[in-house]
Every structure is written in structure tokens, then in C-alpha cells.
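S.K.: build the 3D model from these lines:
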Amino acid sequence: MPVIAHLSDLHVSDLHLSDLHLDGGARSVERVRAVMAFLEDLPYDLDAVLVTGDLADHGRPEEYEVLRELLVSRHPVLVLPGNHDERAALRRVLLGEDAADGPVNRVHRGAGFVLALCDSSVPGRPEGLLADETLAWLDGVVERTPAGVPVLVAFHHPPVVLHTPAVDPIRQFGAERLAELAGRRPQIAAFLCGHAHTPAATRFAGRPLLVAPGVVSTLRLPWERPGPDAHPDLPPALAFHVLDGDGRLTTHYRVVPL
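M.R.: Reported below is the predicted structural model:
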């Protein structure tokens, strides 16, 4: 969901990160710092930097305090919760709001696009679900968006099976409700998510579903050589989403050297 500024035929470009899992250790800090240095070194301004959840590993206030310092950028940084996050602490420390337990839903209206950040987390549970109030909120966001302006919908949990045994049982459930909404709202151009710790691209409700890689680790796929669930030593990665003037969305994945 990060967007690179308007370059010749490019309309919107955004940078998409996920699964930082800041845990109080030096390793996660080093990885986030490397990613932020990479995007700060870009020669053009991004329309947005989207971070699709699992910002902290334990949801502790002190983890968000470190993140608040690490995520400082010249680009607009937009965050939403994952299943490892704690809503009240995220709101108070990162967003500067009163602590509250309801879904953390936010909208970013840019030049020629809208980014709807939906909270798919379920407190105390690893799997995801968009609450009825979140779906009603999203419907209202699209309703208030002028005709012809594309809406990108972001959340943490993928709403489909990705053929990854470690993630599929804790994906987003109740996704038929989101698909029904998308069927009524043709302005929704794509869905963006994280949670899977692997770059992936598929479709949901007839739209692209684009999954960001993990910053903290990369999932081991079932057809790779046997081993731990994750490749802890592979470098962090990110996605660039480019929305052109014809409404065509292109995604580029990039590895960030440590």
C-alpha cells in the first residue's frame, strides 16, 4: 500500500510492509531499521507506507514505544493491527489516541486513491474476522468515495487459503461477507494483507489479493526442503504497489539487504 509519487505515467505507488514482530530484542529492531533506511533512501516520495499488522510481538506498550521511534519517516506511515497486537496499547502509544478495545479502522484518502485499513484481529485469538461494524464502516468508506476513485482494502489476515499449513488454519474467516460487499462495490480495486510471512499473489472476490512478505522472518513453504516453519536468516522484504492512470495495479517485491 505504499505509493511512489507521481512519476510520468505512474499514478500512485505505495510501499507495503508486514509482520515486524518487535519483541524487545535487537534482531527485530535491526530488521525494521534496515527497511526504514531503505525506504528513506528512495529518490522519490511515497504516497503511503502501509504496515499490515503484527507490529509488536507481545502487544506490550514498550514494544510500541520502540516502534514509534523506528517508524518515523518522510513518507506517510499507516498501520493496522494483527493478531499479535493489542488494540488499546497500539491506539495509545502509536496513534496517540485514548485506549479502547474496539476495531482499529482507519481511512487514508490520497490523490487519486483511497486506502481503507480494516482491523481483522480478534482479541485473544490467532485467526481473523472482520466484525460487522468493520464491514459497515468499510461500506461507508466506499460509499463516500467519488466515482472513479479506486479503493484499496487492507487488513492483516488473508481471507483465502494460501496452501501454507502454518497459516491457513488461522486465516480470516467469515470472508463470504466481505466478498458480498465487494460484489456491490466495484470501486474496490484490490485487497492487501500480511500474516503469511511470505510474498504471495492470488485473487479474492474477483480482485487481486496481494500478500506482503514478513520483515521478521520468511515462511518455509511445504514443497521446500524440510526444516523449521520459518527461514529466520533470510533478509526482510517488502512490496511496491503501483496503481497507474488506467487503474491497473502492478506489484513488485523487493528484498532489503541487512
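
S.K.: so for the one helix or strand Ala37 maps to, mean pLDDT?
M.R.: Ala37 belongs to helix 26-40 when assigned by DSSP states H and E. For helix 26-40, mean pLDDT rounds to 97.

S.K.: work out the sheet partners of the helix or strand following it and label each with its direction, please.
M.R.: The first helix or strand that comes after helix 26-40 along the chain, using DSSP H and E, is strand 48-52. Strand 48-52 has its sheet partners listed here by DSSP bridges as strand 10-17 (parallel), strand 77-80 (parallel).

S.K.: which one of these is the most hemmed in?
M.R.: Using mean count of other C-beta atoms under 10 Å, the stretch among the strands paired with strand 48-52 with the largest mean neighbour count is strand 10-17, at a mean of 25. To be clear about C-beta, it is placed using only N, CA and C from the backbone, and glycine gets the same treatment.

S.K.: related to what we said a few turns ago, can you put the strands paired with strand 48-52 in CSV and add distance to Asp41 and mean pLDDT?
M.R.: Output for the strands paired with strand 48-52, formatted as CSV (distance: least, C-beta to C-beta, whole Å; pLDDT from 0 to 100):
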stretch, distance to Asp41, mean pLDDT
strand 10-17, 12, 77
strand 77-80, 16, 98
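
S.K.: with respect to Val122, which of the ones you listed lies nearest?
M.R.: strand 77-80 (13.8 Å; C-beta to C-beta).

S.K.: could you point out the helix or strand that follows the closest one?
M.R.: Note on strand 77-80: by DSSP H and E, the next helix or strand toward the C-terminus is helix 87-89.

S.K.: after that following helix, which helix or strand is next?
M.R.: Going C-terminal from helix 87-89, and assigning secondary structure by DSSP H and E, you next hit strand 106-110.

S.K.: list the helices and strands that next one packs on?
M.R.: Judged by 3 or more C-beta pairs under 8 Å, 6 or more residues apart in numbering; DSSP states H and E, strand 106-110 is in contact with strand 77-80, strand 113-117.

S.K.: compare the strands paired with strand 48-52 and give me the one nearest Arg92.
M.R.: Checking the strands paired with strand 48-52 against Arg92 by C-beta to C-beta gives strand 77-80 as the closest, at 13.3 Å.

S.K.: who's the residue most central in space within the chain bridged to?
M.R.: Nearest to the mean C-alpha position of the chain, counting by C-alpha atoms, centre = their mean, stands Thr52 at 2.2 Å. Beta bridges link Thr52 to Leu80, judged by DSSP bridges.

S.K.: next, give phi and psi for the closest residue to Arg185 other than its chain neighbours.
M.R.: In space, and not counting its chain neighbours, Arg185 is closest to Val142: 4.6 Å by C-beta to C-beta, 6 or more residues apart in numbering. Dihedral pair for Val142: phi -70, psi -40, per degrees, to the nearest 10.

S.K.: try Pro126
M.R.: According to degrees, to the nearest 10, Pro126 has phi -80, psi -30.

S.K.: these two touch, right, it and Asp85?
M.R.: No - the criterion here is C-beta atoms under 8 Å, and Pro126 misses it with Asp85 at 11.9 Å.

S.K.: where does the stretch 1-150 of the chain dip in pLDDT?
M.R.: 1-12 (pLDDT under 70).

S.K.: the strands paired with strand 48-52: which one's closest to Arg171?
M.R.: Arg171 lies closest, by C-beta to C-beta, to one member of the strands paired with strand 48-52: strand 77-80, at 16.3 Å.
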